[in-house]
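# Sequence and computational prediction follow.
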Amino acid sequence: METPKTTLPPLAGMTLEELYQVVKELDMPRFVAKQIAQWIYQKRVTTFGQMLNISKANRELLEQNYRVGLSHPTEAQRSEDGTVKYLFDVGEGKAVEAVYIPDEDRHTLCISSQKGCRMNCYFCMTGRQGFHGQLTANQIINQVLSVPQAEQLTNVVFMGMGEPLDNLEAVLSVISILTEPWGLAWSPKRVTVSTVGKTPELKTLVEKTSVHIAVSVHTAVTEERQSLMPIERIYHIRDVMNMLAKYDFSHQRRLSVEYIMWQWFNDNIEHADALREILPDEHTRVNLIRYHMIPEVAKLRTSSDERMTAFRDYLNSRGVICTIRRSRGEDISAACGMLAGKVGSKK
Ligand code: SF4
């Protein structure tokens, strides 16, 4: 692979439209754009020399003006449960994380969309580091194409560092690359975008793509959510769910709700009722998530197994599809809310 330090613009991360522009500017035939896309996204080559159906002269021209733009992770940490956390260099001494999660025949990669995050959720390690810049489409798709398990991946979830809808343009480009026939040609059902609920961007995402949506709710009680997630002061979760209720999530795509459980904070039956009230319909799934303590947030503790089970059973008994998500990669700080990368600290 190339060194990530080169300053030439990368082609990996470009949509077919953008590649058409590239070949036009270099005075190459239009079909070369599709060939480049096939070599990078389908045949997964990392150098221009490997693009054998492109003429030598055109390969040299490409090499003088661009780089393929793929780079391996710089570090890997392996959990005893098979989860692997990868660190990717994103320049200026910063790095972001992607997490590979094998689960029988599912091979999921959880990817990052920003260097840090500006949503400032109280319980999240990434949020506590502040915002240090957007990832480009190249830096996002590179995570998918460059982990050692790239060929085995069955699913991608935008649940790593950052709020994907705070970087909508790049995330839409990456979704195109993942799902269009000239890209990886995956079904959109293999892609999930998780969000705290930036309503205008969420509406755009729902209308422009068919990917699954996961909304981080964590409590349906306004004051509590405001204390945990500043976004609630701008977009109320009830309004976010009302907006989503206008779209069809009954067949081809899934709407799910993420709910981290904190003992005595959001795990009473009253909380289950408040959550039930905001769900658009019986197709919305609820994922209950154990809280993984970070030192900065010692006052929040995960709910006990008994309380989580009672919460789940109560929702199930009222027709809500609710499951407790199995925790993965906790021993390598790869579980939900624990990703830190190397982006610095607010403190
Ligand atoms: S939970 Fe998500 S949106 Fe909130 S601070 Fe962490 S990364 Fe950002």
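Happy to help now that I have it.
# Next, the buried residues of the host helix or strand of Glu97.
In this assignment (DSSP states H and E), Glu97 forms part of strand 95-103. Of the residues in strand 95-103, those with enough neighbours to count as buried (16 or more other Cβ atoms under 10 Å) are Ala95, Val96, Glu97, Ala98, Val99, Tyr100, Ile101, Pro102. The C-beta positions use only the backbone N, C-alpha and C, and glycine is treated the same way.
# what does stretch 114-129 give?
When burial is assessed from 16+ other Cβ under 10 Å, stretch 114-129 yields the following buried residues: 114-117, 119-121, 123-129.
# Can you give me every residue that contacts the residue in the chain that the ligand sits nearest to?
Residue nearest to the ligand within the chain (Cβ to the nearest ligand atom): Gly127, separated by 2.6 Å. Taking Cβ atoms under 8 Å, 6 or more residues apart in numbering as the criterion, Gly127 is in contact with Gly116, Cys117, Met119, Asn120, Cys121.
# Let's have those in a markdown table, adding secondary structure, pLDDT and distance to Ala12.
Formatted as a markdown table, these follow (DSSP: H, G, I helix; E, B strand; the rest coil; pLDDT from 0 to 100; distance: Cβ to Cβ, whole Å):
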| residue | secondary structure | pLDDT | distance to Ala12 |
| --- | --- | --- | --- |
| Gly116 | strand | 94 | 23 |
| Cys117 | coil | 96 | 24 |
| Met119 | coil | 96 | 27 |
| Asn120 | coil | 94 | 31 |
| Cys121 | coil | 94 | 31 |
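# can you tell me which two in the buried residues of stretch 114-129 are farthest apart?
For the buried residues of stretch 114-129, the maximum inter-member distance is 19.8 Å, found between Lys115 and Phe123 (Cβ to Cβ).
# What are the contacting residues of stretch 28-37?
Outside stretch 28-37, the residues within contact range by Cβ under 8 Å, 6+ apart are 11, 16, 19-20, 22-24, 51, 53-54, 58, 61-62, 182-183.
# C-alpha coordinates for that stretch, PDB please?
The C-alpha coordinates for stretch 28-37 follow below in PDB (Å, rounded to 0.1, in the frame of the first residue of the first chain):
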ATOM      1  CA  MET A  28      -9.000  10.200 -20.700                       C
ATOM      2  CA  PRO A  29     -12.000   8.300 -22.100                       C
ATOM      3  CA  ARG A  30     -15.100   8.400 -19.900                       C
ATOM      4  CA  PHE A  31     -15.100   4.600 -19.400                       C
ATOM      5  CA  VAL A  32     -11.800   4.800 -17.500                       C
ATOM      6  CA  ALA A  33     -13.700   6.200 -14.500                       C
ATOM      7  CA  LYS A  34     -15.700   2.900 -14.200                       C
ATOM      8  CA  GLN A  35     -12.500   0.900 -14.600                       C
ATOM      9  CA  ILE A  36     -10.900   2.800 -11.800                       C
ATOM     10  CA  ALA A  37     -14.000   2.300  -9.600                       C
END
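# Low-confidence stretches in the protein?
Regions of the chain meeting the criterion pLDDT under 70 cover residues 1-6, 298, 335-338, 340, 343-347.
# so what are the domain limits for it?
The chain breaks down into these domains under automatic domain parsing: 16-65, 75-332.
# winner for burial among those domains?
For these, the largest average neighbour count (mean count of other Cβ atoms under 10 Å) is found in domain 75-332, namely a mean of 19.
# Just give me how far it sits from the chain centre.
On the basis of Cα atoms, centre = their mean, to the nearest Å, domain 75-332 sits 7 Å off its chain's mean C-alpha point.
# returning to that earlier point: so which helix or strand takes in the residue of the chain closest to the ligand?
Taking DSSP H and E as the criterion, Gly127 maps to helix 125-128.
# Give me every residue in the protein lying close to the ligand.
Proximity of the chain to the ligand is confined to Cys117, Met119, Asn120, Cys121, Cys124, Thr126, Gly127, Met161, Gly162, Glu163, Val196 under the rule Cβ under 6 Å from any ligand atom.
# who's in contact with the last one?
Contact analysis of Val196 by Cβ under 8 Å, 6+ apart lists Met119, Cys121, Glu163, Val215, Ser216, Met229, Ile231.
# any idea how far Gly162 is from it?
Val196 sits 11 Å away from Gly162, taking Cβ to Cβ, to the nearest Å as the criterion.
# all strands for the stretch 1-150 of the chain, in order.
With DSSP state E, counting those that start in this stretch, the ranges of strands along the stretch 1-150 of the chain come out as 75-78, 84-89, 95-103, 106-110, 114-116, 131-134.
# between the ones you listed, which gets nearest to Thr7?
Proximity to Thr7, assessed across the strands of the stretch 1-150 of the chain by Cβ to Cβ, is greatest for strand 84-89 (14.6 Å).
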